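*Asks:* Okay, predicted coordinates and the sequence, questions at the end:
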Amino acid sequence: MRYVSTRGDAPVLDFADVLLQGLARDGGLYLPETWPQFDAKTIAGFAGKSYQDVAFEVIRPFTGGTIKDADLKRMIDEAYATFRHPAVTPLVQIAPNRFVLELFHGPTLAFKDVAMQLLGRLMDHVLAERNQRATIVGATSGDTGGAAIEAFRGRERTDVFILFPEGRVSDVQRRQMTTPTEANVHALAVEGNFDDCQAIVKGMFNHFDFRDRVGLSGVNSINWARILAQIVYYFVAGVAVGAPHRPVSFTVPTGNFGDIFAGYAAMRMGMPVDKLVIATNRNDILVRTLETGRYEMRGVSATISPSMDIQISSNFERLLAEMHGRDGASVKAMMGSLSQSGSFTIGDVPLAEMRKLFAAGRCGEDQTAATIARTHAETGYLLDPHTAIGVHVAEELGDSEAPMIVLGTAHPAKFPAAVKAASGVYPALPEQLEPMMTATERQSVLPADLGAIERHVEENARAVKGTA
Ligand SMILES: Cc1ncc(COP(=O)(O)O)c(C=O)c1O
Ligand SMILES: N[C@@H](CCOP(=O)(O)O)C(=O)O
């Protein structure tokens, strides 16, 4: 399996290289050259298998032989042994034909752990084989950061620097990043919003001298392996409610478009999908884009679902590449227009194709709170604000024959204030996370400035000092 950039101007790589690359050198994102195909019999055969066994079958074709089967199996087993539920990602029914796919049983209570626990092991494995070190830099609106730090803390071959928007993440999210004591963990509170953090990380990747000097790697969903690990649960959940014998719909609380792009990938691989639904909070750039064909930035506002307060939705570029027949020049032109003028227009044909595959809906602050309250009152089930957005948008779409699976992207205990205000119930933090709430915090506060943050990384990354 080979990987190509969405912008068509970067070296073609194998899986192991893509794993360590992050952003492609032409500023694009890597995609597999072709989609592995699973026929209906193979998909039906996933029924009754463990999450780990399905993960191995789904992930293996993408590795192109760069990871030995026995190593891949071991790393998958180790990654999902960190989850608190034996099914790894269980389904909970909340209405006759509607389910929540609980993706938050990993160590940091958000869906990011599903990919990050595996990514940490895969990167460590490849770095050890090459006797290399890496400097990981990531941007977070709250959840990626904690999951990345948990996956990489104490690992000898990596330093991990996470940029988060100061004052815009929940207390639990911040503490997950600021309380680990390992020397390779660096939490950077940036005086800006998530889009600023993400732009700075991309700026570092596009600054080749710096990138090469520090051995830069990325763990945001610009890294293909993040998306890859998330494809697995679309198959596991779909089969559990009747695929491939009937199509299944998924509603995905969306920000950076990584999670829903994994659903798109599952569909391209043979999973019968009725609807893929993009659900956003009031930062609704993706909903507007589907409505109007114009991707237009308007400023981001803080919500009770902070992890989705995003305007520059990285992985939408992967979808654009798909909808434009992988024509790198078209993608480059749209991305150029976005960085110059804050907008771009999608042509009629790709837009029509997108509308065939995706539906979209938004959920305001009051609707989010009302959905948490109503769902709890009617079913006893407590939603976090991000998952509530998915449930609201799925409800607005109405029932169809296809079962609707809403991706449960975070545990309510990550956002206790918002959940308590909406439902009157204070969601308890799982016991093992309680010590973190009183532990000493360690963070560096930095301006939203590429140069300042590069200097900080270079002064603190062990890879630069040649300690490998
Ligand atoms: C809890 C939660 N829900 C939803 C999302 C949106 O996911 P994506 O960025 O993959 O669209 C995020 C952040 O990524 C998140 O942390
Ligand atoms: N919501 C995310 C934003 C970063 O997304 P990623 O999937 O690209 O890492 C977060 O919680 O940090």
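*Replies:* Good, I have the coordinates. Residues are numbered from 1 along each chain as shown. Ligands and ions are numbered 1, 2, ... in the order given.

*Asks:* In the stretch 351-468 of the chain, mark out all the strands, start to finish.
*Replies:* 358-362, 404-408, 444-447 (DSSP state E, counting those that start in this stretch).

*Asks:* and ligand 2, which of those strands is closest to it?
*Replies:* Ligand 2 lies closest to strand 404-408 among those, at 12.8 Å (Cβ to the nearest ligand atom). To be clear about C-beta, it is placed using only N, CA and C from the backbone, and glycine gets the same treatment.

*Asks:* How about the residues of the chain by ligand 2?
*Replies:* 140-145, 220-221, 255-256, 258, 307, 314 (Cβ under 6 Å from any ligand atom).

*Asks:* and the end-to-end length of stretch 171-184?
*Replies:* One end of stretch 171-184 sits 22 Å from the other (Cα to Cα, to the nearest Å).

*Asks:* can it be found next to ligand 1?
*Replies:* No. Using Cβ under 6 Å from any ligand atom, stretch 171-184 stays clear of ligand 1, with a minimum separation of 8.7 Å.

*Asks:* Now do the buried residues in that stretch.
*Replies:* Buried residues in stretch 171-184, counted by 16 or more other Cβ atoms under 10 Å: Val172, Gln173, Arg174, Arg175, Gln176, Met177, Thr178, Thr179, Pro180, Asn184.

*Asks:* contacts for that stretch?
*Replies:* Here stretch 171-184 makes contact (Cβ atoms under 8 Å, 6 or more residues apart in numbering) with 108-109, 140, 142-143, 145-146, 149-150, 152-156, 158-160, 162, 164, 185, 187, 306-307, 413-416, 429, 433, 436-437, 439-443, 462.

*Asks:* which helices and strands sit right next to the top helix by length along the chain?
*Replies:* When the chain is scanned for its longest helix (criterion: DSSP state H), the result is helix 112-130. Packing partners of helix 112-130 (3 or more Cβ pairs under 8 Å, 6 or more residues apart in numbering; DSSP states H and E): helix 15-21, helix 69-81, strand 134-139, helix 143-152, strand 158-165, helix 224-240.

*Asks:* For ligand 1, which of these is the nearest?
*Replies:* helix 143-152 (3.3 Å).

*Asks:* Now do the closest one: which elements does it pack against?
*Replies:* Contacting helix 143-152 under the criterion 3+ Cβ pairs under 8 Å, 6+ apart are the following elements: helix 112-130, strand 134-139, strand 158-165, helix 171-178, strand 185-191.

*Asks:* Pull the distance from the first one to the chain's centre.
*Replies:* Just to be clear, that refers to helix 112-130. In terms of Cα atoms, centre = their mean, to the nearest Å, the centre of helix 112-130 is found 15 Å from the chain centre.

*Asks:* same check, this time on stretch 281-296
*Replies:* 19 Å.

*Asks:* Now that stretch: buried residues?
*Replies:* Residues Asn281, Arg282, Asn283, Asp284, Ile285, Leu286, Val287, Arg288, Thr289, Leu290, Gly293, Tyr295 are the ones in stretch 281-296 that count as buried (16+ other Cβ under 10 Å).

*Asks:* Show me the two of those residues that sit farthest apart.
*Replies:* Using Cβ to Cβ, the buried residues of stretch 281-296 span at most 21.7 Å, a distance reached by Asn281 and Gly293.

*Asks:* of all the helices and strands packed on helix 143-152, which lies closest to Ala199?
*Replies:* Judging those by Cβ to Cβ, what sits closest to Ala199 is strand 134-139, at 8.3 Å.

*Asks:* Tell me what angle that closest one forms with helix 143-152.
*Replies:* If you take axes from the mean of the first three to the mean of the last three Cα atoms, to 10 degrees, strand 134-139 sits at 160 degrees to helix 143-152.

*Asks:* how about the residues of this protein near ligand 1?
*Replies:* Counting by Cβ under 6 Å from any ligand atom, the chain sits next to ligand 1 at 110, 142-143, 221, 253-259, 307-308, 386, 409-410.

*Asks:* give me that answer again for 5 Å
*Replies:* Applying Cβ under 5 Å from any ligand atom, one finds that the chain approaches ligand 1 through Asp143, Pro253, Thr254, Gly255, Asn256, Gly258, Asp259, Ser307, His386, Thr409, Ala410.

*Asks:* if you look at the residues you listed, which of them are in helices?
*Replies:* Asp143, Gly258, Asp259, His386.

*Asks:* Look up phi and psi at Ile105.
*Replies:* I think there's a mix-up here, since residue 105 is His and not Ile. Per-residue torsions, His105: phi -90, psi 10 (degrees, to the nearest 10).

*Asks:* Name the nearest residue to it, sequence neighbours excluded.
*Replies:* The shortest distance from His105 to any non-neighbouring residue, by Cβ to Cβ, 6 or more residues apart in numbering, is to His85 (4.1 Å).

*Asks:* ditto for Val137
*Replies:* Residue nearest to Val137 in three dimensions, not counting chain neighbours: Phe161, with 4.7 Å by Cβ to Cβ, 6+ apart.

*Asks:* Now do the contacts for that neighbour.
*Replies:* Residues near Phe161 by Cβ under 8 Å, 6+ apart: Thr135, Ile136, Val137, Gly138, His186, Leu188, His456, Val457, Asn460, Ala461.

*Asks:* distance of the fourth one from Val190?
*Replies:* From Gly138 across to Val190, the span is 12 Å (Cβ to Cβ, to the nearest Å).

*Asks:* And those two? Which one has more around it.
*Replies:* Taking other Cβ atoms under 10 Å, Gly138 and Val190 do not tie; Gly138 has more neighbours (27 against 24).

*Asks:* Quick check: bridge partners of the more buried one?
*Replies:* Counting by DSSP bridges, Gly138 is bridged to Ile162.

*Asks:* what pLDDT does it get?
*Replies:* Note on Gly138: pLDDT of 97.

*Asks:* shouldn't it be in contact with Asn220?
*Replies:* Yes. Look at Gly138 against Asn220 with Cβ atoms under 8 Å: they come within range, at 5.2 Å.
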